[in-house]
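Colleague: all I have is the shape, not the residue letters:
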Ligand SMILES: [Zn+2]
């Protein structure tokens, strides 16, 4: 339990936003527990990996089936981003059901998805980056976004809000849940990141704390601020504030484990 998030314990545990639960929004931020993968990928891993050792596609697909089953759905109902640290958000129509699981993946980088299709389960994957879920219960439109530092400074959450607006959603109605990610306790970065953020907006210095010749970047603060700039009400934003690097028993962390590690997934559907 942390800051408006609840931990749903069980064979395959997950975190939920209490704000989302209040409105009955179907979503979950999974941990690394409760899947079938082993070794560095133990156990609920959602990507084969890019390091020297890889997990099998079969394991990853079994993990997708486990996660989807908790929503009463199957891996065929999932639409999976193809994450390359872009700021690109795509609309997922019925044709996109099964993309990245039982259909070929996207052919270009897509780091965020928006849909209004019932029971189409959006999946974004992270291991320190920020998983952001958005939903409007009036128009029944939801979104899932992968926001690392590049996506954050590139305004990917703003792009998601704009695409939701194109589906008739009013910005002030959008509810947001920012899941577990690397915290300001652990995210030391170089001055090139500082320069990149500040070149977008001088006020973005507020996301950084100097630390010798480096900086500490607060990705939660950055994403919250950019969402508010995009017209989201502050009271409609819930933040887990749980650090993925500090809690190795529960989360995969790129900063802690490098490239040979698993990847978590957050899910949402209408
Ligand atoms: Zn930490």
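Modeller: Arrived safely. Just so it is clear, the structure is predicted and the values come from calculations on it, not from any experiment.
Colleague: quick one, helices of the stretch 101-250 of the chain?
Modeller: With DSSP state H, counting those that start in this stretch as the criterion, the stretch 101-250 of the chain has helices at 149-153, 156-166, 191-200, 219-229.
Colleague: dump those helices to TSV, plus mean pLDDT, distance to the ion and mean neighbour count.
Modeller: The way it works is simple: take the backbone N, C-alpha and C, and place the C-beta from them, glycine included. Shown next, in TSV, are the helices of the stretch 101-250 of the chain (pLDDT from 0 to 100; distance: least, Cβ to the ion, whole Å; neighbours: other Cβ atoms under 10 Å):
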stretch	mean pLDDT	distance to the ion	mean neighbour count
helix 149-153	97	16	22
helix 156-166	98	22	22
helix 191-200	98	17	14
helix 219-229	98	11	20
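Colleague: any idea which of these gets closest to residue 6?
Modeller: helix 219-229 (17.8 Å; Cβ to Cβ).
Colleague: tell me the helices and strands packed up against the closest one.
Modeller: Under the contact definition 3 or more Cβ pairs under 8 Å, 6 or more residues apart in numbering; DSSP states H and E, helix 219-229 sits against strand 130-136, helix 149-153, helix 156-166, strand 175-178, strand 237-239.
Colleague: could you measure from residue 18 over to residue 5?
Modeller: 7 Å (Cβ to Cβ, to the nearest Å).
Colleague: overlap in contacts of these two?
Modeller: residue 238 (Cβ atoms under 8 Å, 6 or more residues apart in numbering).
Colleague: which of those two has more neighbours?
Modeller: Neighbour count, other Cβ atoms under 10 Å: between residue 18 and residue 5, residue 5 has more, with 23 against 13.
Colleague: contacting residues around the most centrally placed residue in the chain?
Modeller: With distances taken as Cα atoms, centre = their mean, the residue of the chain nearest its centroid is residue 131 (1.8 Å). Applying Cβ under 8 Å, 6+ apart to residue 131 gives the contacts 29, 124-125, 144-147, 178-181, 264-266.
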